[in-house]
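J.: The following block contains a protein sequence and its predicted model.
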Amino acid sequence: MRETKKLAISAMLVALGTVIMSLGAVLEVADLTAAALASLFVVFAYIELGASYPFLVWLATSVLCAVIFPASAVWSEYLLVFGSYPIIKAYIERLPRVFWWPLKLVFVNAVLWIIILLVEGVLGIPVLMAEGEIMKALLYVTANVAFVVYDLYIVAMTRVYVFKFRKRFERFLR
């Protein structure tokens, strides 16, 4: 596939991701869902375009959503977790299988720690209204469980694409 075609497909993926995340920005209760759905375009770029295009889709979608919806948290969620994770997941899964889950959980806990540090330390906003170690531990456990579900979601959607829909897109991707 020619580079201009890859760039055009990447631009379409950025546009689609931005549209989906705009729904999450407007409906604040759907921001995590919108970011998770938009991350599938990064997966598509990784599978079909390879090389640097998943990074392009991830960063361009993040920046575009930050410019359009600066007050919404959806772009920061996508930038820090949902958009970057499919790329990191692909690199982690090149390693021996025994390292997959420990490295994935280190990633999510590091990102959660950075988010808490930024929100509480820099912005001065408490992450949890009820202070205490039990609430923070509950936050970490809930985030880790949600992250495992998100990882399984990416695996399932990747399999659906590869085994059911990839042949339909094949003629457009030559």
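T.: Looks like it arrived, so ask away.
J.: where's Ile116, which helix or strand?
T.: In this assignment (DSSP states H and E), Ile116 forms part of helix 100-116.
J.: list the helices and strands that helix packs on?
T.: Applying 3 or more C-beta pairs under 8 Å, 6 or more residues apart in numbering; DSSP states H and E, one finds that helix 100-116 contacts helix 85-92, helix 133-160. Where you see a C-beta, it was placed from the backbone N, CA and C, and this is true even at glycine.
J.: I am assuming Tyr78 contacts Ser62, so please confirm or correct that.
T.: Yes - counting by C-beta atoms under 8 Å, Ser62 is a contact partner of Tyr78 at 5.6 Å.
J.: the more surrounded of these two?
T.: Neighbours per residue, other C-beta atoms under 10 Å: of Tyr78 and Ser62, the larger number sits with Tyr78, 30 against 26.
J.: Distance-wise, check the most centrally placed residue in the chain relative to Phe99.
T.: Nearest to the mean C-alpha position of the chain, by C-alpha atoms, centre = their mean, lies Phe82 at 1.6 Å. As judged by C-beta to C-beta, to the nearest Å, Phe82 and Phe99 stand 22 Å apart.
J.: And for Ile125?
T.: Using C-beta to C-beta, we find Ile125 at a distance of 35 Å from Phe99.
J.: quick one, which of these two is more surrounded?
T.: Phe99 (13 against 9).
J.: Quick one: residues contacting the spatially closest residue to that one that is not a sequence neighbour.
T.: Computed as C-beta to C-beta, 6 or more residues apart in numbering, the closest residue to Phe99 that is not its neighbour in sequence is Ile92, at 7.2 Å. Each residue near Ile92 by C-beta atoms under 8 Å, 6 or more residues apart in numbering is listed here: Phe99, Trp100, Leu103, Lys104, Phe107.
J.: will you turn those into a markdown table that also has distance to Glu133?
T.: A markdown table is the format used below for the contacts of Ile92 (distance: C-beta to C-beta, whole Å):
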| residue | distance to Glu133 |
| --- | --- |
| Phe99 | 29 |
| Trp100 | 29 |
| Leu103 | 26 |
| Lys104 | 24 |
| Phe107 | 23 |
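J.: what's around the nearest residue to Leu49 once chain neighbours are set aside, how many residues?
T.: If the residues on either side of it in the chain are set aside, Leu49 comes closest to Lys6, at 5.0 Å by C-beta to C-beta, 6+ apart. A total of 19 residues lie near Lys6 under the criterion other C-beta under 10 Å.
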